[in-house]
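Novice: predicted model and sequence below, questions to follow.
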Amino acid sequence: MKKVFALILGLALLAALPLSAPATEQTVIKLGLVGENSDQWQPVIDKLAQEGITLELVKFADYTQPNRSLADGEIDLNAFQHYAFLQKDSENFGYKLAAVGDTIIAPLGLYARKITDVSQIKENDKIAVPNDATNEGRALKLLESAGLIKVDPAVGFLPEKSDITDNPLNLDIIEVEAAQTAALLPDVAAAIINGQHAVDNGLFPQTDAIYLETAGGNTDNPFVNVVAAREEDKDNPLYKKVAEYFRSPEVAEILLTQYKGAYLPAWDYQPAQ
């Protein structure tokens, strides 16, 4: 009788147990981006998913938002800016942010609707440039390399409009939010457009720019883009893994084939023959 009772009790206890163990909580990393083009992150998402990690892409409309969101703890990482922008934005707003790893180089381009060559730019023409400090400085250096203006060499790689020392064509340089430069193309002789915003508007440096920045892939280049984190998280192994997985052959192939030169791998990569 005792054996029967024990058997019944055991069966009752088994029936009370859940059919399967509860799932462990999923690790989620929120990564801030600017713009809609994010296919290059899919291989990273897939690889992390195999390890039980969800990489959630949080998309912002312009460059003013992702660093603030990161500093405020709303996201864990962002990947939209180069070293120069990160340094300048951190200085301006007191952000405590740091680079976790390199990602891409996005050459800055001069685009136009009404002309096909820099030599066709004429006196008093309007040129639109991004108005944030780092990209405006980069844009002015691009105009200088194109032979259109000269800037004071003493100010380094990020001059301001007031640092223009020679403007032989008396060009009217119009400063606008980076996201608006492409929209101004019908109204200006030319516009300098960031790689992300160029792609968002169907423009590609290698085929559409009338003049293109030379983007060298070396560690001293301040315009190499990065994955950024809060300073206290810069050594987080999960965050380093996100940057590491980005620097993969799968990501490089997407950058080189889909974006037609708008984004280039910021690491040594040889395409498969």
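Specialist: Perfect, thanks for sending it.

Novice: so who does the residue nearest to residue 190 when sequence neighbours are not counted touch?
Specialist: For residue 190, ignoring the flanking residues on the chain, the nearest one in space by CB to CB, 6 or more residues apart in numbering is residue 112 at 4.1 Å. Where C-beta positions appear, they are placed from N, C-alpha and C, glycine not excepted. Contacts for residue 112 (CB atoms under 8 Å, 6 or more residues apart in numbering) come out as 185, 189, 190, 191, 210.

Novice: for the first one, which three-state class applies?
Specialist: Using DSSP: H, G, I helix; E, B strand; the rest coil, the secondary structure recorded for residue 185 is helix.

Novice: what's the burial count for it?
Specialist: Using other CB atoms under 10 Å, residue 185 is surrounded by 18 other residues.

Novice: and for residue 105?
Specialist: 22.

Novice: quick check: phi and psi on it?
Specialist: phi -120, psi 130 (degrees, to the nearest 10).

Novice: could you report the pLDDT at it?
Specialist: On pLDDT, residue 105 comes in at 90.

Novice: so what pairs up with it in the strands?
Specialist: Judged by DSSP bridges, the bridge partners of residue 105 are residue 224, residue 264.

Novice: wait, doesn't it sit right on residue 214?
Specialist: No. Residue 105 lies out of contact with residue 214 (CB atoms under 8 Å); the separation is 10.2 Å.

Novice: pretty sure residue 98 sits in a strand.
Specialist: Yes. Residue 98: assigned to a strand according to three-state DSSP.

Novice: tally of neighbours for the nearest residue to it once chain neighbours are set aside?
Specialist: In space, and not counting its chain neighbours, residue 98 is closest to residue 234: 4.1 Å by CB to CB, 6+ apart. The number of residues packed around residue 234, counting by other CB under 10 Å, is 16.

Novice: likewise the one 3 residues further on?
Specialist: Look at residue 237: counted by other CB under 10 Å, it has 7 neighbours.

Novice: got it, and residue 123?
Specialist: Using other CB under 10 Å, residue 123 is surrounded by 8 other residues.

Novice: what about it, distance to residue 227?
Specialist: Taking CB to CB, to the nearest Å as the measure, residue 123 falls 44 Å from residue 227.

Novice: give me the low-pLDDT residue ranges for this protein?
Specialist: Low-confidence segments of the chain (pLDDT under 70): 1-25, 215-220, 270-273.
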